[in-house]
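Novice: Task: produce atomic coordinates for the following.
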Amino acid sequence: MSIEVQNISKNYGSQKALDKISFSIKSGEIVGFLGPNGAGKSTMMRILTTYLNPNEGSAAVNGHDILTAQKEVQESIGYLPESNPLYPEMYVREYLDFSAGVYHIKDAKNRITQVIEETGLTSHIGKKISQLSKGYKQRVGLANALLHQPKVLILDEPTTGLDPNQLVEIRQLIKKVGAHTTILLSTHIMQEVEAMCDRVIIINKGKIVADDYLKNLKSDAAQVIEVEFDYKVEQELLNRITKVREVTDLVKEPGFTYSLRFETQEDMRSAVFDFAHDNELKILSLNKRNKNLETMFQELTGE
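Specialist: Reported below is the predicted structural model:
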């Protein structure tokens with residue numbers, strides 16, 4: 001395994017950021033690490049990169065214990081933190097040359113040229129980092145994380161500040177790197193996860209609430225029917241759908257719109273239409289959306 005985590009807990013005073021977290025990641029996997037703000041994602045990543053020590057539990061990266069072999073862990077991972085700390089007064093190539101010296105990279109000149117091309121920084125190597133846009137600063141951070149050809153890449157919000165064209169380029173780069181590197185990727189953008197990741201781990205309030213391959217999550221048969229009436233419909237009447245059509249969830253949305261969730265692959269719009277007709281209800285709009293990663297995330301992490 002590239003990453004092994006066993007019963008990791010982390011407290012900040014009386015606040016429990018992580019509560020007995022366990023998971024493992026195989027070599028070559030690209031795993032999306034998801035959760036709302038404050039769920040514990042960044043804390044877990046900082047523990048894996050040895051920036052923080054856990055209060056309880058153990059973890060290993062590429063077989064190296066995060067507590068007893070911190071140098072070996074640091075040498076085998078590339079890390080792009082959410083804050084992306086850089087030296088603003090350095091030029092792009094100068095900064096990467098400095099980092100190459102820290103990692104004692106052989107043939108540093110060619111390796112720096114390679115990562116500059118990979119991350120699309122060629123036209124900006126003569127600029128100071130302070131002169132770059134936020135998106136290009138992200139590219140510099142990613143180039144730095146890739147510089148020493150790590151076996152594990154940990155990316156915390158790697159596409160922050162990128163425009164749509166840059167997003168596509170960075171996603172392609174991450175997929176390319178993932179062919180021979182294990183990647184743990186944190187993001188709030190579900191489309192990124194679906195475009196890049198093989199597997200998803202969802203964390204909420206310091207606990208893992210889901211861990212599965214994306215293809216399995218996508219095969220979920222649930223669907224949501226959104227129906228809007230021309231006036232408020234009493235809950236007692238709407239509850240009749242539950243008895244007749246096995247609605248598993250009924251949520252009142254703003255206005256006169258209701259979301260009805262069905263655990264079936266059969267298109268239930270006609271059933272909702274028939275229910276409205278039988279009860280002399282007027283439908284203003286009727287839409288179907290299949291359950292996806294975003295709706296699953298909301299269900300698992302919502303209050």
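Novice: which non-adjacent residue is nearest A100?
Specialist: Using CB to CB, 6 or more residues apart in numbering and skipping the chain neighbours, the partner closest in space to A100 is A108 (3.8 Å). All C-beta atoms are positioned from the backbone trio N, CA, C, and that covers glycine.
Novice: so the one you found sits right up against V102, yeah?
Specialist: No - the criterion here is CB atoms under 8 Å, and A108 misses it with V102 at 10.6 Å.
Novice: So between the two, which is more surrounded?
Specialist: A108 (17 against 10; other CB atoms under 10 Å).
Novice: Do you know the pLDDT at the residue nearest to A100?
Specialist: pLDDT, A108: 95.
Novice: got the contact list for it?
Specialist: D97, A100, G101 (CB atoms under 8 Å, 6 or more residues apart in numbering).
Novice: Could you turn the buried ones of these into a PyMOL selection?
Specialist: A single PyMOL command selects the buried members of the contacts of A108 (16 or more other CB atoms under 10 Å):
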select buried, resi 97+100
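Novice: which of the contacts of A108 lies closest to R269?
Specialist: A100 (59.0 Å; CB to CB).
Novice: what's the distance between the residue lying closest to S9 once chain neighbours are set aside and L67?
Specialist: Leaving aside its chain neighbours, S9 sits nearest to E56 (4.1 Å; criterion: CB to CB, 6+ apart). Using CB to CB, to the nearest Å, we find E56 at a distance of 12 Å from L67.
Novice: hmm, back to that, ok, the residue nearest to S9 to D163 distance?
Specialist: Counting by CB to CB, the gap from E56 to D163 is 42 Å.
Novice: swap in L147?
Specialist: Using CB to CB, one gets 24 Å for the distance from L147 to D163.
Novice: and if you look at R289?
Specialist: Applying CB to CB to R289 and D163 gives a distance of 27 Å.
Novice: where do the strands sit along the stretch 151-300 of the chain?
Specialist: 152-156, 182-186, 199-204, 207-213, 222-229, 247-252, 257-263, 283-290 (DSSP state E, counting those that start in this stretch).
Novice: most tightly surrounded among those?
Specialist: strand 182-186 (a mean of 25; mean count of other CB atoms under 10 Å).
Novice: Tell me the strands beside that one, with direction?
Specialist: Strand 182-186 pairs in its sheet with strand 30-34 (parallel), strand 152-156 (parallel), by DSSP bridges.
Novice: So which of these is nearest G206?
Specialist: strand 30-34 (13.4 Å).
Novice: what residue ranges in this protein are flagged as low confidence?
Specialist: 218-222, 239, 241-253, 290-291, 303 (pLDDT under 70).
Novice: Domain boundaries for it, per the record?
Specialist: What the record gives for the chain is the domain set 3-214, 222-301, from automatic domain parsing.
Novice: how many neighbours does S42 have?
Specialist: 21.
Novice: Repeat that for the one 3 residues further on.
Specialist: Burial of M45, expressed as a neighbour count using other CB under 10 Å, amounts to 22.
Novice: ok, it touching L184?
Specialist: Yes - if you go by CB under 8 Å, M45 and L184 touch, sitting 7.0 Å apart.
Novice: Spit out the residues that contact these two alike.
Specialist: Joint contacts of M45 and L184 (CB under 8 Å, 6+ apart) are F33, I154.
Novice: so who does the residue nearest to N7 when sequence neighbours are not counted touch?
Specialist: Once flanking residues are discounted, N7 sits nearest to G57: 4.0 Å by CB to CB, 6+ apart. Shown in contact with G57 (CB under 8 Å, 6+ apart): V5, Q6, N7, I8, S9, K20, I21, S22.
Novice: okay, the residues you listed in JSON lines with secondary structure and distance to I125 next?
Specialist: Below are the contacts of G57 laid out as JSON lines (DSSP: H, G, I helix; E, B strand; the rest coil; distance: CB to CB, whole Å):
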{"residue": "V5", "secondary structure": "strand", "distance to I125": "38"}
{"residue": "Q6", "secondary structure": "strand", "distance to I125": "43"}
{"residue": "N7", "secondary structure": "strand", "distance to I125": "45"}
{"residue": "I8", "secondary structure": "strand", "distance to I125": "40"}
{"residue": "S9", "secondary structure": "strand", "distance to I125": "44"}
{"residue": "K20", "secondary structure": "strand", "distance to I125": "46"}
{"residue": "I21", "secondary structure": "strand", "distance to I125": "40"}
{"residue": "S22", "secondary structure": "strand", "distance to I125": "43"}
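Novice: just the residues you listed now: which is nearest D198?
Specialist: V5 (17.6 Å).
Novice: mind checking how far the nearest residue to that closest one once chain neighbours are set aside is from G120?
Specialist: In this structure, V5 finds its nearest non-sequential neighbour in A59, 4.6 Å apart by CB to CB, 6+ apart. As for A59, its distance to G120 is 33 Å (criterion: CB to CB).
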